[in-house]
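**Student:** What shape does this take:
(chains A, B, C and D)
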Number of protein chains: 2
Amino acid sequence: MSDQATATTTAAQHGECPANTPHGEAWGSLSRTHAAVSQRLQEALAQGDFPPLPWYEVLAAVAEAPEQRMRMGDLAEALVITRGGLTKLVDRLVKAGLLERTFNETDRRVSYATLLPAGIHLLTEMRPVIVGELEVAFSANLSVIQANELRATLDGIRADACSGVV
Amino acid sequence: MSDQATATTTAAQHGECPANTPHGEAWGSLSRTHAAVSQRLQEALAQGDFPPLPWYEVLAAVAEAPEQRMRMGDLAEALVITRGGLTKLVDRLVKAGLLERTFNETDRRVSYATLLPAGIHLLTEMRPVIVGELEVAFSANLSVIQANELRATLDGIRADACSGVV
DNA sequence: GGACAATAGTTGAACTAACAATCATTTCTG
DNA sequence: CAGAAATGATTGTTAGTTCAACTATTGTCC
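**Tutor:** The predicted structure follows:
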């Protein structure tokens, strides 16, 4: 145990620790950048007395859907959170009068999260805050072309991460 | 401000919602990709009866630091989590025998999270799982050169997001 | 048509993380 | 040198998330 520890210690001290694969480094940057930007957005929202970031994500996702409504399962998948978590998140937005639950007559298992006028209104107030912060964080580093390239790269990675069980 | 809301409401109803700026889209991809890859890593770790992803991140960060130890504040900043959260996270790793707390004689405010042999050993077991999953997710989409470009891009964004208060 | 599996969503318990307040130590300043 | 400000870390509280179990509805296959 001690000799093994000594050996690894030496390796790390020499900087030849095998963690630093290019993809590992890229993942580290991705993870930390997500946390940093997310933190910045949360701060900006809190400063304006707005609800937390997940509320915005729900509203934005539903607003883009046809008829301003989405099935719970689809919404959970779009936000990459669990269905149980989404149920309670939507509960809070419903309680705040931003969403309502509507139902499907032909398949009574499914329920929709449907945008209410108050939700649309709040979304229009939150959006400039989000967009403004993102411009600050992204504009200095990314042209429009580069932003689209970045998006395409990340979407490709996500596709592999999801269907990657194969 | 109400006319502004009305105008935007109409826009949303017509599906020409202005949220889709290039930077906004890039952020959406970044956020969802982070969640998807993170989820995949968590699943792989759970499947091998390994501790959750944050434990790996702590161990990996400390392992790369000189003398396999880091000040709590620096570690929190590196992982982009709060100091309070880190205190309790390190508590769990200490309780598991992976880290120990050590102290600085010259400044007795600071404490270090110091890697123990068991932590080094666990790290060497977890690393191939993480690296393997990342290879699957990234290799199909990214050459080594592209991975480094992605890393540089993301690091630039993070720098702006952190120092961006200006 | 009726049992069985599959799908959609919700609920309760355990865990995790963030926020604010606090303690201890050090540094600055008059 | 004493007191105030700043720094480093921890603690209690609160809120949010996940996981597993559960209900309800629909589809499938003898």
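
**Student:** name the element the closest residue in space to A:Glu135 that isn't next to it in sequence belongs to?
**Tutor:** Counting by C-beta to C-beta, 6 or more residues apart in numbering or on different chains, A:Glu135 lies nearest to B:His23, which is 6.1 Å off, once chain neighbours are set aside. C-beta coordinates here come from the backbone N, C-alpha and C atoms, glycine included. When secondary structure is defined using DSSP states H and E, the element that contains B:His23 is helix B:22-47.

**Student:** isn't A:Val62 right up against A:Asp74?
**Tutor:** No - under the contact definition of C-beta atoms under 8 Å, A:Val62 does not touch A:Asp74, with a separation of 10.2 Å.

**Student:** Which one of the two is surrounded by more residues?
**Tutor:** Between A:Val62 and A:Asp74, counted using other C-beta atoms under 10 Å in any protein chain shown, A:Val62 has the larger neighbour count: 26 against 15.

**Student:** sec struct for the more buried one, please.
**Tutor:** Following DSSP: H, G, I helix; E, B strand; the rest coil, the label given to A:Val62 is helix.

**Student:** Spatially central residue in chain A, please.
**Tutor:** A:Leu79 (6.0 Å; C-alpha atoms, centre = their mean).

**Student:** I'd say it and A:Gly73 touch.
**Tutor:** No - using C-beta under 8 Å, A:Leu79 is not in contact with A:Gly73; the gap is 11.2 Å.

**Student:** Flag every residue of chain A that's near DNA strand D.
**Tutor:** Remark: the part of chain A in contact with DNA strand D comprises A:52, A:54, A:81-82, A:84-85, A:88-89, A:92, A:106-109, using C-beta under 7 Å from any atom of the strand.

**Student:** Highest neighbour count among those?
**Tutor:** Highest neighbour count within these, by other C-beta under 10 Å: A:Leu89, with 21 neighbours.

**Student:** what about the helix or strand where that one lies and DNA strand C, touching?
**Tutor:** Here A:Leu89 sits within helix A:83-95, counting by DSSP H and E. Yes - for a cut-off given as C-beta under 7 Å from any atom of the strand, helix A:83-95 has contacts with DNA strand C, namely A:Arg83, A:Gly84, A:Leu86, A:Thr87, A:Lys88, A:Val90, A:Asp91.

**Student:** Tell me where chain A has helices.
**Tutor:** Ranges of helices within chain A are A:2-13, A:22-47, A:53-64, A:72-79, A:83-95, A:117-139, A:144-163, based on DSSP state H.

**Student:** Please spell out which residues along the longest one are buried.
**Tutor:** Neighbour-count burial for helix A:22-47 flags A:22-41, A:44-45 (criterion: 16 or more other C-beta atoms under 10 Å in any protein chain shown).

**Student:** do the same with the last one
**Tutor:** Judged by neighbour count (16+ other C-beta under 10 Å), helix A:144-163 contains these buried residues: A:147-151, A:153-158, A:160-162.

**Student:** tell me which strands and helices it is in contact with?
**Tutor:** Other elements packing on helix A:144-163 under the criterion 3 or more C-beta pairs under 8 Å, 6 or more residues apart in numbering or on different chains; DSSP states H and E are helix B:22-47, helix B:117-139, helix B:144-163.
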